[in-house]
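> fold the stuff below for me.
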Amino acid sequence: MAAPKPARLPIIDIAPWLSDDPAQADARAAVSATLHSACVNYGFFYLDISSYVPKEEPEELTALAREFFALPQEEKEKIALRNEDGARGYARLKENVTNGKADNHEGIDFYKPVKNPDKTKPLWGENQWPSVPGFKEKYEAWVEKMKALGMITMHAMAVGLGMTEEEWQDLRGQVDDSFWVMRVIGYPPLPNDHDGFSCGAHKDYGCLTFLYTDPTKKALQVFMSGTKLDDIPVADELRPEDDGADGFWINADPIPGCVVCNIGEMWDIWTNGLYRATLHRVVHRGSNYRVSIPFFFEPNFTAHVRPLDAALRIQKSGKDHGGGTGTDKKPVVYGDFLLGKVTNNFDKY
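You can find the predicted model right below:
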């Protein structure tokens, strides 16, 4: 009999991986094993980072974001996408598009700075920062912390996957110059007559997402495959397109001290389908203005992503198939894959 699906995603404390204290070796191994299980079964989990960053830090980022989104529209448009490469900068309400439908949110997108920026080339422009005092400095500090967290989490996952030290170093070389992305997103309440979502159902296409949000509940929803059990609360807003789907949606409400973490499609390729990039969406029907700050820890732009030997060993052994397909995944160059995705993300401006 299949194990019952939980009503809430697993919570994993990254604290043992924040030092190389030999006394923490067993604790690090336990974290890695739990990460492996979460990635096989869900592709989503809560990462407890309360020992890594003080809670006041992301709260301050949220306040700065609210200050920007409260500005007059013409002020926000001063850093509009059209000023740069079509990817870096401010996207107005409903400018972001998912599955052909306008998303009911606004946001600012930042990417890893590049050498010799050229705004005529997709993704190759310069980041545009709000004039809100302290915004750039505080968010740049957050970027550095999330980049470091990405490397820590990747190492822990490599151990969980059973990689040798040599194999880990090879994988590390694919993410050590991460072409990271950060978004600052504002969600007004979803109008009842809006034909779409606050953010439509999608899978993240990179490596790891660390999502910090304000305390708003019943907004972020995660798709759980399989049969729903009677004691599992599902998300309130189910849509006609969900009918007949082999699964159900649950709410992934924020937990103090944690970020919501999920894996992207590159882990699907690295593990040949063993780890699952999972559908998720935002349906915000509350009365407040919701703010979320996702940081995407991605491979290097030139990384050649292909199935890892460690994952193939597991699949050959017949263990831990979880919900993965186990089918051969085609290698990709991450930058080429990213360009193909980003060019379809925004309505024409």
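
> drop to CA atoms for contacts and neighbour counts, all remaining ones
Fine.

> residues contacting residue 263?
The contact partners of residue 263, by C-alpha atoms under 8 Å, 6 or more residues apart in numbering, come to 39, 43, 44, 204, 206, 207, 208, 209, 276, 277, 278.

> can you tell me which of these are in helices?
In helices, defined here by DSSP state H, the members of the contacts of residue 263 are residue 39.

> out of the contacts of residue 263, the closest to residue 177 would be?
The nearest member of the contacts of residue 263 to residue 177, counting by C-alpha to C-alpha, is residue 207 at 12.9 Å.

> separation between that closest one and residue 159?
Per C-alpha to C-alpha, to the nearest Å, residue 207 is found 16 Å from residue 159.

> what lines up beside the helix or strand hosting residue 110 in the sheet?
For residue 110, the host element (DSSP states H and E) is strand 106-111. According to DSSP bridges, strand 106-111 forms sheet pairs with strand 89-91 (antiparallel), strand 181-187 (antiparallel).

> can you redo those as TSV with mean neighbour count, distance to residue 137 and mean pLDDT?
Formatted as TSV, those follow (neighbours: other C-alpha atoms under 10 Å; distance: least, C-alpha to C-alpha, whole Å; pLDDT from 0 to 100):
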stretch	mean neighbour count	distance to residue 137	mean pLDDT
strand 89-91	27	16	96
strand 181-187	22	14	96
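
> mind listing which of the contacts of residue 263 are in strands?
Within the contacts of residue 263, residues falling in strands by DSSP state E are 44, 208, 209.

> coming back round to it: out of residue 207 and residue 159, which sits in the busier spot?
Comparing residue 207 with residue 159 by other C-alpha atoms under 10 Å, the one with more neighbours is residue 207, at 24 against 21.

> dump the residue contacts of that one.
263, 264, 265, 266, 267, 296, 297, 298, 299.

> pick out the one among the ones in strands among the contacts of residue 263 with the largest number of neighbours.
Highest neighbour count within the ones in strands among the contacts of residue 263, by other C-alpha under 10 Å: residue 44, with 29 neighbours.

> mind listing the residues bridging to that residue?
With DSSP bridges applied, residue 44 shows beta-bridge pairing to residue 262.

> kindly report the same for residue 202.
residue 280.

> farthest-separated two in the contacts of residue 207?
267 and 296 (13.1 Å).

> quick one: common contacting residues for these two?
Residues within reach of residue 267 and of residue 296 at once, by C-alpha under 8 Å, 6+ apart, are 206, 207.

> what about stretch 123-130, start to end distance?
For stretch 123-130, the end-to-end distance is 19 Å (C-alpha to C-alpha).

> nearest spatial neighbour of residue 16, skipping sequence neighbours?
Residue nearest to residue 16 in three dimensions, not counting chain neighbours: residue 28, with 5.3 Å by C-alpha to C-alpha, 6 or more residues apart in numbering.

> retrieve the pLDDT associated with that neighbour.
Predicted confidence (pLDDT) for residue 28: 98.

> my guess is it meets residue 157, correct?
No: counting by C-alpha atoms under 8 Å, residue 28 sits too far from residue 157 to count as a contact (10.4 Å).

> those two: who's more crowded?
Set residue 28 next to residue 157 and count neighbours by other C-alpha under 10 Å: residue 28 wins out with 24 against 21.

> the more buried one belongs to a helix?
Yes: under DSSP: H, G, I helix; E, B strand; the rest coil, residue 28 falls within a helix.

> picking up where we left off before, tell me which of residue 267 and residue 296 has more neighbours.
Between residue 267 and residue 296, counted using other C-alpha under 10 Å, the more crowded position is residue 296 (29 against 24).

> look up the residues forming beta bridges with that one.
Residues in a beta bridge with residue 296, per DSSP bridges, are residue 181, residue 209.

> wait, it sits on residue 181?
Yes: at 5.0 Å, residue 296 counts as touching residue 181 under the criterion of C-alpha under 8 Å.

> any residues in contact with both of the two?
By C-alpha under 8 Å, 6+ apart, residue 296 and residue 181 have no common neighbours.

> what residues does the strand holding residue 110 touch?
Strand 106-111 has contacts (C-alpha under 8 Å, 6+ apart) with 87-96, 123, 127-128, 179-187.

> same deal with stretch 81-92?
So stretch 81-92 is contacted by 76-77, 79-80, 105-111, 118-129, 342, 349 (C-alpha under 8 Å, 6+ apart).

> inside helices: which ones of those?
Per DSSP H, those map to helices at 76, 342.

> Produce a ChimeraX select command limited to the buried residues of the contacts of stretch 81-92.
To isolate the buried members of the contacts of stretch 81-92 in ChimeraX, using 16 or more other C-alpha atoms under 10 Å:
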select :76,77,79,80,105,106,107,108,109,110,111,119,123,124,125,126,127,128,129
